[in-house]
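Generate coordinates for the sequence data below:
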Amino acid sequence: MIASVQKAMRILSAIADRAPEPMPLCEIADRTKINKSTASHIVDTLMQEGFLVRISSSRGYVLGPAAYCLTGFERYGRDLISTSRPVMQYLYKTLGYCVVLAVIEGSTKYVIDYIDDGTIFEQKEKIRRDDIYRTATGRAILENMSDSELMAVWEKYGKPSEKEWSEIETYEDLVRYKSTSSSRDVTVTRAEGEDGAVNIGYGAPIFRGMTCVGAIGIAVKLKKSEEKGFYIKEQPKIKSLLQKGAFTISERL
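Residues are numbered from 1 along each chain as shown. I've put the predicted structure just below:
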């Protein structure tokens, strides 16, 4: 087990030295002096945990969101997270609901920062893989993807389950959803949990220039009896402040 950890660290170090350029598997094996088959298994594990992202089979791998969160690299540390944090703190203090910051890498969605009192996230993990179809932040980023990025998501996950997104049956449905959505509007999702609670999500895209680099979101858990009053009293305020927050972060990036 210790030997495997050492090999994983050597692989991460080698790829970090090359950053931001990707490194093919054959070069990873050569630089780290690790058997190619063993290196491939370790790389697959690191990808599953979010530490690596495969750019393509020929170009190879780059560091993923989990690695950036741990190392404080500019892309996720000093840049996106640090710029978003003050806005997230303001939203949490003002609204009192869970606030999340999400990105998508390699067609996988990650929550790279959040503020919560345990209502939504029971375990305090620093980075979490999350559902790209079901969540408002995931859909907010989907709405701003290029055609090739959207196709990559579909090829990776296929059709959403009924529980995830009942309106999407085909790839053409997903394309239509993207084409009819306003790029900077707040996306809203609603789902009923197994415990009978209602989970409502709000997501707003974050841009660097014209490129969507992530989304900020609000997650709310309610009793069904509270839902009607919530929509009247709370939802307009949440949507307004979230949209302003996303705009502020985008302006500062």
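
where do the helices sit along the stretch 151-253 of the chain?
Along the stretch 151-253 of the chain, counting by DSSP state H, counting those that start in this stretch, helices occupy 162-165, 171-180, 227-233, 235-252.

can I get the ones you listed in JSON lines with mean neighbour count and mean pLDDT?
Just so you know, the C-beta spots here come from the backbone N, C-alpha and C atoms, and that holds for glycine as well. Compiled in JSON lines, these are given as follows (neighbours: other C-beta atoms under 10 Å; pLDDT from 0 to 100):
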{"stretch": "helix 162-165", "mean neighbour count": "14", "mean pLDDT": "90"}
{"stretch": "helix 171-180", "mean neighbour count": "14", "mean pLDDT": "93"}
{"stretch": "helix 227-233", "mean neighbour count": "11", "mean pLDDT": "93"}
{"stretch": "helix 235-252", "mean neighbour count": "17", "mean pLDDT": "96"}
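
Which one of the ones you listed lies nearest to Ser148?
For these, proximity to Ser148 was assessed by C-beta to C-beta; helix 171-180 is nearest, at 12.2 Å.

Can you list the helices and strands that the closest one packs against?
helix 136-142, helix 147-157 (3 or more C-beta pairs under 8 Å, 6 or more residues apart in numbering; DSSP states H and E).

Single out the most deeply packed of those helices.
helix 136-142 (a mean of 27; mean count of other C-beta atoms under 10 Å).

Run through who's touching that helix.
By C-beta atoms under 8 Å, 6 or more residues apart in numbering, the list of residues contacting helix 136-142 from outside reads 100, 102-104, 109, 111, 130-133, 150, 153, 174, 177-178, 186-189, 201-205, 212, 214-217.

For Thr135, see how far away Val213 is.
Here the distance between Val213 and Thr135 works out to 17 Å (C-beta to C-beta, to the nearest Å).

cool, and Ser225?
From Ser225 to Thr135 the distance is 24 Å (C-beta to C-beta).

Kindly report the same for Leu242.
14 Å.

Return every residue with contacts to both of these two.
Residues touching both Leu242 and Thr135 (C-beta under 8 Å, 6+ apart): Gly203, Gly217.

Let me have the helices of the stretch 151-253 of the chain in JSON lines, adding distance to Ile28 as columns.
Below are these laid out as JSON lines (distance: least, C-beta to C-beta, whole Å):
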{"stretch": "helix 162-165", "distance to Ile28": "34"}
{"stretch": "helix 171-180", "distance to Ile28": "33"}
{"stretch": "helix 227-233", "distance to Ile28": "50"}
{"stretch": "helix 235-252", "distance to Ile28": "34"}
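
of the ones you listed, which approaches Ala16 most closely?
Where the helices of the stretch 151-253 of the chain are weighed against each other on C-beta to C-beta, the nearest is helix 235-252, at 26.3 Å.
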